Every structure is written in structure tokens, then in C-alpha cells.
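Q: The sequence and its predicted three-dimensional model are supplied below.
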Amino acid sequence: MKSIFDDRLQKAQNGVAKSLYRLIAEKKSNIVLSLDVPQKARFFDILNHVADEIVVLKIHIDIMHDFNDDFIKELLLLKEKHHFLIFEDRKFADIGNTVKAQYTEGIFKIIEWADIVTAHIFPGPGCIEGLRSAWQETQIKDRAVVILPQMTSRDNLFDDIALSAGIKWAHEYCDIIIGFIGSASVYKDTPERETQLMYLRKESLPEMLILTPGIQLDVSGDNLGQTYVTPETSISQGGDLIIVGRGIYNAENPLKSAEVYKKAGWDALVKRETEKED
Ligand code: 5BU
């Protein structure tokens, strides 16, 4: 029997995308855990509990207290043991020369440990070229970029023009861009009731992955402008992976919560993919 996303796996050019498609099928999970927990002990405690349920661990390295090389060593050991990819949500947004330095230098040396990073599209393609040039020069085998043609924050300035530019550049830089951040339920500025997320799915290369933050089962937002939808809403509109932060790490029992999101995400994905085949 064909496993989920087999066709997309065959088409994928980037090694990280291939690994991710394999992990999704093997772990029967489309969960990206956004572990925005600055205390190292709590961070690793939660990660140890939920690592088998997730396919990607997303972090913001610059929020960690007492960052040092041991943090990365410990992270890489857990990656090896539990099989997940590491995603630094850096949102690079500068000229190519600067993002190249931010990706490779400084105390974090992100390129050495992050399989995936995020980049804005507003600076233009030079931003992507800077990251790609760093990747080519370091000769690290598999590295990937996810770009942001949408965001989940309330009243953001992303529009249909940014969406189309993101889709175009993802085509052009498909050796390093493996997909997009998507946000459900934002409608395109056209008479048809089509969301930007549906459009993103329809117009982008089939092998592109769409990762959607702003996911919670029980609440619709926070008091700082975040907006939430359910896994089902996001996936039915074209999201492939659901990014869950506080819904898991702030739960009384993060493992139980991760299991609930995993089931909700997986069921919605299987339903969508099965309906497509019929
Ligand atoms: P939450 O706790 O599930 O709300 O965390 C969401 C995470 O996803 C957090 O790390 C954000 O920085 C990240 N995020 C987002 O929420 N919305 C976006 O549009 C993008 C990233 Br891009």
C-alpha cells in the first residue's frame, strides 16, 4: 500500500523535505512542537516526554536562558534518539550578505544544527540567495528554508501580492525552499470564497509543505494578537503540518495533550488525502 505523501516524496528535490515526508509516514504524525520554553531543564523535560509524538521541533534559540554549546549537543542527541527535525524559527529578514552572516556566525551558528529555518519574503529574493549561498559554501548536506507568505498575527500586512511572490520564489528556489508558513481562514481579496491558504496549496508545487502555526483546540486567540484555528480547519484548507506551542507545553500533561493533537492532526490529514483519491 502506498503511504501518505508518497507522490510528493518522489517529487521532492530537497533532502530535508524527503526526510520530513518519510518521518510523517513512519511516525504517523504531522505535529511540529513549538517549544518556546526558555528554561533549559523544563525544555528538555517536556521534549523528552513528547519527542516520539512529533516530527519537527521548532525553537526560538534567542529566547533560551544560558545558551551554550551543550544545549545544542543535548538537542542533537535527542534528535538522533527520537527522530525529529530541528526547526529554528529565525524569520531572517535582511539583505543577503547580512542573513548569510546571521545564519552562519555569532554565538548560535544556526546553520550547523538547524535543519529548517524561516525567512521573510519582504526583502526580496536576495534574502533567500544569502541563505542558499551559506548552505552551498558550508557544504552541509541537507538544509532547508520555509518562507512566510502569510502570518497568523491579527491585522498583519501580508496581502495577495506577497502571497503570489512567495509562490513564485518557492518555484525558483525549490532546491532550498521546502514550503511555506500558512494561515487558515484569511480570505483572498476576490469575490470567490477562497482562503489564501487554499490558494497557496492550489498554486504551489505539489511537493511544497505547508506548516501552519496558530493551532489550538480550545481557544481562538491570546491577548497579544495571536489567532488560532483547529487542526481540522487548517488541514482541510491545505495545511500539511500543524505547529502547536502553548496548546502542548502549557497543558497540565504535555504528553497527553501532544497525543490529542497528534490524533486530531493525523485524522484530518488522512481524511483529506483519502477524499482526494476518491
Ligand atoms: P503558540 O504558543 O501555539 O501560539 O506558538 C506559535 C509559535 O509559532 C510561536 O513560536 C510563533 O513565533 C510561531 N509563529 C506564529 O505563531 N505565527 C506565525 O505566523 C509564524 C510563527 Br511565521
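A: Looks like it came in fine.

Q: contacts, neighbours, all on C-alpha from now
A: Noted.

Q: Chain neighbours aside, what residue packs nearest to Glu129?
A: Closest residue to Glu129 apart from its sequence neighbours, by CA to CA, 6 or more residues apart in numbering: Gly96 at 6.1 Å.

Q: Kindly report the same for Glu259.
A: Nearest to Glu259 is Glu53, by CA to CA, 6+ apart, at 6.8 Å.

Q: what about the longest helix along the chain, average pLDDT?
A: Scanning the chain for the longest helix, with DSSP state H as the assignment, gives helix 254-277. The pLDDT scores in helix 254-277 average 96.

Q: for it, packing partners?
A: When contacts are defined as 3 or more CA pairs under 8 Å, 6 or more residues apart in numbering; DSSP states H and E, helix 254-277 packs onto strand 31-34, helix 40-50, helix 231-236, helix 246-249.

Q: That helix and the ligand, are they touching?
A: No - figure legend: helix 254-277 not in contact with the ligand (CA under 6 Å from any ligand atom); closest approach 11.6 Å.

Q: Let the chain start at 29 from now.
A: Sure thing, new numbering starts at 29, so read that last one as helix 282-305.

Q: Point out the residues in this structure that sit beside the ligand.
A: Residues of the chain lying close to the ligand (CA under 6 Å from any ligand atom) are 62, 64, 176, 179-181, 209, 241-243, 272-275.

Q: contacting residues around Arg50?
A: Arg50 makes contacts with Leu37, as judged by CA atoms under 8 Å, 6 or more residues apart in numbering.

Q: Which strand or helix spans it?
A: helix 43-55 (DSSP states H and E).

Q: Please find the angle between the direction vectors of that helix and helix 282-305.
A: When axes from the mean of the first three to the mean of the last three CA atoms, to 10 degrees is applied, the directions of helix 43-55 and helix 282-305 differ by 100 degrees.

Q: And stretch 148-157, how far out from the chain middle?
A: On the basis of CA atoms, centre = their mean, to the nearest Å, stretch 148-157 is displaced by 18 Å from the centre of the chain it belongs to.

Q: so what's Cys212 up against?
A: One correction, residue 212 is Ala, not Cys. 223-225, 240, 257, 261-262, 265, 267.
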